[in-house]
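Asker: from the sequence below, what's the structure:
(chains A and B)
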Protein chains: 2
Amino acid sequence: MSISEQYFPEEPTAPVVKTDTIPGPQGAQAIKTLGEVFDTRCTYFVADYYKSKGNYIVDVDGNTYLDLYCQVASIPLGYNNPALIETAKDPKTISNYVNRPALGNFAGNDFEEIQRELIKAAPKGQHLVWNALSGADANELAFKAVFYNYQAKKRGFNAPFSAEEESSCMENSAPGAPELAIMSFDHAFHGRLFATASVTRSKPIHKMDMPAFKWPKAQFPAYKYPLEANTEANSAEDDRCLAIVEEFFKTWHCPIAAVIVEPIQSEGGDNHASAKFFQGLRDITLKYEARLIIDEVQTGCGGTGLLWEHERYNITPPPDLVTFSKKMQSAGYFFHDPEFVPNFPYRQFNTWCGDPVRVILAGAITREIREKNILPQIKETGDYLFGKLESIQSKYPTWLQNLRGKGKACFIAWDTPSGDDRAKFLNAMKLNGVNMGGCAEVGVRLRPTLVFGKKHVDIFVERLDQVLSTL
Amino acid sequence: MSISEQYFPEEPTAPVVKTDTIPGPQGAQAIKTLGEVFDTRCTYFVADYYKSKGNYIVDVDGNTYLDLYCQVASIPLGYNNPALIETAKDPKTISNYVNRPALGNFAGNDFEEIQRELIKAAPKGQHLVWNALSGADANELAFKAVFYNYQAKKRGFNAPFSAEEESSCMENSAPGAPELAIMSFDHAFHGRLFATASVTRSKPIHKMDMPAFKWPKAQFPAYKYPLEANTEANSAEDDRCLAIVEEFFKTWHCPIAAVIVEPIQSEGGDNHASAKFFQGLRDITLKYEARLIIDEVQTGCGGTGLLWEHERYNITPPPDLVTFSKKMQSAGYFFHDPEFVPNFPYRQFNTWCGDPVRVILAGAITREIREKNILPQIKETGDYLFGKLESIQSKYPTWLQNLRGKGKACFIAWDTPSGDDRAKFLNAMKLNGVNMGGCAEVGVRLRPTLVFGKKHVDIFVERLDQVLSTL
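Answerer: Numbers count the residues shown, from 1 in each chain, chains lettered A, B, ... in the order given. Purely as a prediction, here's the structure:
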């Protein structure tokens, strides 16, 4: 029995679309009244989560979609997963929900166990975690950890702040508020708060009109596909991009304290890079005494068949900080160097220090993944899916360009001919019962749950074939 | 029957401290092992939330404290409040916990009701809300709303971005990433992310080593107490501070898009200001076409006897944005101007757009406050408490300096002679069964729940008298 059958004996067996438009009449009405209290301009449809199950999301018109977008890549184990419903009802969850502790000052006697469960899921080489509330929050807290550490090393790890540092930081001036940079890559997405928007480089809409830090933007490799046929060109592309990174370290007007990079640039177009590129980054950061932050917000928690995608590249020594969110349903950063615990208390600190109910859920999710041995299954599903997509690609080569993600479970994407074509395609897929999403300007990305199986692949590919035959 | 007796028929009747030190032996052991996976340098004690009830928090040594700190001012209705436990078990909460929606793209059919319940608690004049995840997050999202609006007005509300804006913002440069400022006040606390740390001005530990935006810091009134005896001097202090605010608008090197201010500076020392000061701020922001953001993160949700403390000052027209968190157990900003909904979709946006389980809780909390008519009760408790504290003050005038918060329920503070004295005092209070917190350098702040009653006041004041008689 497949994992989805184990969890969801009553999962729908196929999509059903009852309306001619999406949203249908009920959905349109629901969007209208919701629009009185919420910005609904980005609403695709209003969902009925009480009726959604497993890999299927239901909307208020009664349409049932096979979901390959999953709340922007953030549903790990299917809708209404029974194991997670148990977690919701656990007295520990209820207590942490109604008595939300200020964890830094008054942690509960259940918190050590909660933290230890999360740490079991840490990437190799990491053994500590700091909790945050979203991917953007996780990245900003990682930046703080990096800056604290950078300055502490300069000043002497246990040296007190100077009087000049204390007074100048209150004026937002150096030396207390130093000019230090984080390097990121063209097309990167790391969040939309102010420091994270400064490293996000995917689209103007994410950044426009926000004051920003003057931080450097390097180039992320743009590979030619299929990879097997372009090894030499792609290796040269790695060299070109690494040279740009090193050049910034030599020439930027202020010290670069860290490089932040996604293992696969997701929002920016599912851009992959090689082990050589990631090891090169590690080597350069070591050479210039900067830190390496791996942003696993979208890639983490198993979607690529590995719990942490960067482990594929065996980066040595491991990255300094690894951030997570989305499918983890909690957020934060893993780390291994005790010097990332700041030299003085109350530096990496805030009232709540995370939300324990969400950390409990992250623990439950990763425990299920481990105990039900889910990763080999999603890996197998992905290999099966990629093979089918290669066939579809040979049938409709203009509609599936640069098919990518081979061997990375269902973390698969391709390019359509244009933004307009993509919109037409995604809408037709919805009308045929498949919910999907785009990335970058012309990309389509697949982000199903981890309990997506071969039977779901068959349904998806059949609908895909059907839709493409009409476009 | 008092509200605490209604909720908590089995609330403890008095504090019990069983150990000679805090933490006691079990607590010390719990901190030690928790310290292997979490930074415990700020841990006062490890709590047992399963045994805590109403106004009493229990630690793992079995000590039972009357809690006047309440998770840094963030427990509204007491520990294990039965109404909130019901909310935790509600199918709506469970669904939103296990199926966390990307609210901007795929809101659930329960979300409109969830939002409407929260909006019932909006300050007068506000009728919309945008959800966030913490007080800092709420403030940063408010800044984004302000900057978007500022530039949209300049460019024409529906005008597209120019090609130069699009390309420059990707480089973190003007005009796409404009130089715009938010003005805040000396001693303010608004959070510890990068933009919020730039407006936080309470202590170096909150800001040190973080790159910061060059934004102006005005002066918040420093009043003489008791207020009745110092009206003239305090009014002159308002004038002095308002003049500084206006001077910044005239002279700052870049446009100031908004002023952010707390109704009572809390972390910064429980500094109060007058209706005249707040109206003056409003007038100056209108004159210079800037926005007024009121940060109600610590003051909001009833702690001062009003649901929103700034309403005391009848600011006219009402502030543009009001941020909240802590006792609300959710976070975000209220607003009334539809132009704060950005001119284009996907600007004020992120994957989750808040956490609906926390918004559900905020709705439940504010519904309880309304239906149980809790605010007049906490106001009465506060008046009773302030009278008792005035007596204590006349007995120990050096230990209770600048007693403040009269008429503002239990949102009361005073100053001790020194930081060392305060530490000694707070520790002695804990050993006598009362959990309390400080603010600024020498302040003591009271932040009990909203179900703190006269019987709790009597116990607290008795212990206070006892402790002060020994110091």
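Asker: what segments of the stretch 51-200 of chain A are strands?
Answerer: Using DSSP state E, counting those that start in this stretch, the strands found in the stretch 51-200 of chain A span residues A:56-58, A:64-67, A:128-132, A:181-185.
Asker: could I get the ones you listed as a markdown table with distance to chain B?
Answerer: Glycine gets a C-beta too; all of them are placed from N, C-alpha and C. Converted to a markdown table, the strands of the stretch 51-200 of chain A look like this (distance: least, C-beta to the nearest C-beta, whole Å):
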| stretch | distance to chain B |
| --- | --- |
| strand A:56-58 | 7 |
| strand A:64-67 | 9 |
| strand A:128-132 | 7 |
| strand A:181-185 | 8 |
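Asker: go through the ones you listed and name the closest to B:A145.
Answerer: Of all these, it is strand A:128-132 that lies closest to B:A145, at 22.1 Å by C-beta to C-beta.
Asker: how about the closest one: buried residues?
Answerer: For strand A:128-132, the neighbour count (16 or more other C-beta atoms under 10 Å in any protein chain shown) marks A:128-132 as buried.
Asker: out of the strands of the stretch 51-200 of chain A, flag the one nearest B:A14.
Answerer: Judging the strands of the stretch 51-200 of chain A by C-beta to C-beta, what sits closest to B:A14 is strand A:128-132, at 35.1 Å.
Asker: convert the closest one to CSV, retaining C-alpha atoms only.
Answerer: Extracted as CSV, the C-alpha positions of strand A:128-132 are listed here (Å, rounded to 0.1, in the frame of the first residue of the first chain):
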residue,chain,number,x,y,z
LEU,A,128,21.6,23.4,17.1
VAL,A,129,18.6,25.4,15.9
TRP,A,130,17.2,28.9,16.5
ASN,A,131,13.5,29.3,16.0
ALA,A,132,11.8,32.0,13.8
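Asker: strand partners of it, parallel vs antiparallel please.
Answerer: strand A:331-335 (antiparallel) (DSSP bridges).
Asker: need the next SSE after the strand it pairs with, C-terminal direction.
Answerer: helix A:356-371 (DSSP states H and E).
Asker: orientation of the very next helix or strand once past that next one relative to helix A:356-371 in degrees?
Answerer: Counting by DSSP H and E, the element after helix A:356-371 in chain order, helix or strand, is helix A:374-395. If you take axes from the mean of the first three to the mean of the last three C-alpha atoms, to 10 degrees, helix A:374-395 sits at 80 degrees to helix A:356-371.
Asker: next helix or strand past helix A:374-395?
Answerer: Counting by DSSP H and E, the element after helix A:374-395 in chain order, helix or strand, is strand A:401-404.
Asker: before we move on, the earlier item: now the two most distant members of the buried residues of strand A:128-132.
Answerer: Most distant of those, by C-beta to C-beta, are A:L128 and A:A132, 13.7 Å apart.
Asker: can you get me a residue count around the nearest residue to A:A174 once chain neighbours are set aside?
Answerer: Of all residues not flanking A:A174 in the chain, A:S168 sits nearest, at 6.3 Å (C-beta to C-beta, 6 or more residues apart in numbering or on different chains). Residues contacting A:S168 under the criterion other C-beta atoms under 10 Å in any protein chain shown number 20.
Asker: repeat that for the one 3 residues further on.
Answerer: Residue crowding around A:E171 was assessed by other C-beta under 10 Å; the count is 15.
Asker: thinking again about what came up before, I'd like the strands of the stretch 51-200 of chain A written out as CSV, with mean pLDDT added.
Answerer: Formatted as CSV, those follow (pLDDT from 0 to 100):
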stretch, mean pLDDT
strand A:56-58, 98
strand A:64-67, 98
strand A:128-132, 98
strand A:181-185, 98
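Asker: who wins for proximity to B:L103 among those strands?
Answerer: Each of these has some distance to B:L103 by C-beta to C-beta; the shortest is strand A:56-58, at 14.1 Å.
Asker: how about a markdown table for the strands of the stretch 51-200 of chain A, with distance to A:P317 added?
Answerer: Listed next are those as a markdown table, based on distance: least, C-beta to C-beta, whole Å:
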| stretch | distance to A:P317 |
| --- | --- |
| strand A:56-58 | 41 |
| strand A:64-67 | 38 |
| strand A:128-132 | 16 |
| strand A:181-185 | 19 |
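Asker: in contact with A:P82, which residues are there?
Answerer: By C-beta atoms under 8 Å, 6 or more residues apart in numbering or on different chains, the residues touching A:P82 are A:Y7.
Asker: for the residue in the stretch 301-450 of chain A that chain B sits nearest to, the count of nearby residues, please.
Answerer: Per C-beta to the nearest C-beta, A:P345 is where the stretch 301-450 of chain A lies closest to chain B, at 3.7 Å. Using other C-beta under 10 Å, the number of residues around A:P345 comes to 15.
Asker: between the strands of the stretch 51-200 of chain A, which gets nearest to B:I94?
Answerer: Checking the strands of the stretch 51-200 of chain A against B:I94 by C-beta to C-beta gives strand A:56-58 as the closest, at 17.0 Å.
Asker: list the helices and strands that closest one packs on?
Answerer: Judged by 3 or more C-beta pairs under 8 Å, 6 or more residues apart in numbering or on different chains; DSSP states H and E, strand A:56-58 is in contact with strand A:64-67.
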